[in-house]
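> Fold the following.
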Amino acid sequence: MRHKIKLFSIYSFLIFFTYQNNRMESKHVIIKLKAIIHDDGKIILHLKDNEGHIHEKSITSEVNPGSKITWTLDKDSDIIQIVDIYKKVGSPNIYSEKPHSIEGTTDWEAIVSNQAFEKASYNVDFRYKDGVVYTDDPQVKVKPPTH
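Sure thing, here's the model as predicted:
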């Protein structure tokens, strides 16, 4: 009986240890949006996040399950407002709390599901300083747990 208790204790510890190592810390990813006029004359987004990703039109921000994502207007963005943020048709839903505007600000936020481990494409509708609403389509990649 004593031998079985020892084995059970070791087994329980290994399960706990594996769970702790596979659990990823959630983080807060901030994506800054700025409207620019592309070489072809189209209004597009210039995006950068606090993870070091910067790109015109589209970036792929990498997040952990359970992370918060905040979309905010960058300095001199020429964007009046973020109108909507929503998943593209055919893209998986990675959010436990869908993108929504934060009352009293121009920011939007969402919470990534603890069960999400994939890449998702989404649309950002934004109102440019000329009053016209434009759409761009960045991506969010949820990192899988490490083993």
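> What is the burial count for the nearest residue to Lys27 once chain neighbours are set aside?
Leaving aside its chain neighbours, Lys27 sits nearest to Ser67 (5.0 Å; criterion: CB to CB, 6 or more residues apart in numbering). C-beta: built from backbone N, CA, C; applies to glycine. When neighbours are counted by other CB atoms under 10 Å, Ser67 registers 23.
> and if you look at the one 5 residues further on?
A count of nearby residues for Thr72, using other CB under 10 Å, gives 16.
> In this protein, mark out all the strands, start to finish.
28-37, 43-49, 54-56, 60-63, 68-73, 79-87, 95-101, 108-112, 119-128, 133-136, 139-142 (DSSP state E).
> Include mean pLDDT when you put those into TSV, please.
As requested, these are exported to TSV (pLDDT from 0 to 100):
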stretch	mean pLDDT
strand 28-37	92
strand 43-49	89
strand 54-56	76
strand 60-63	82
strand 68-73	95
strand 79-87	95
strand 95-101	95
strand 108-112	95
strand 119-128	90
strand 133-136	91
strand 139-142	69
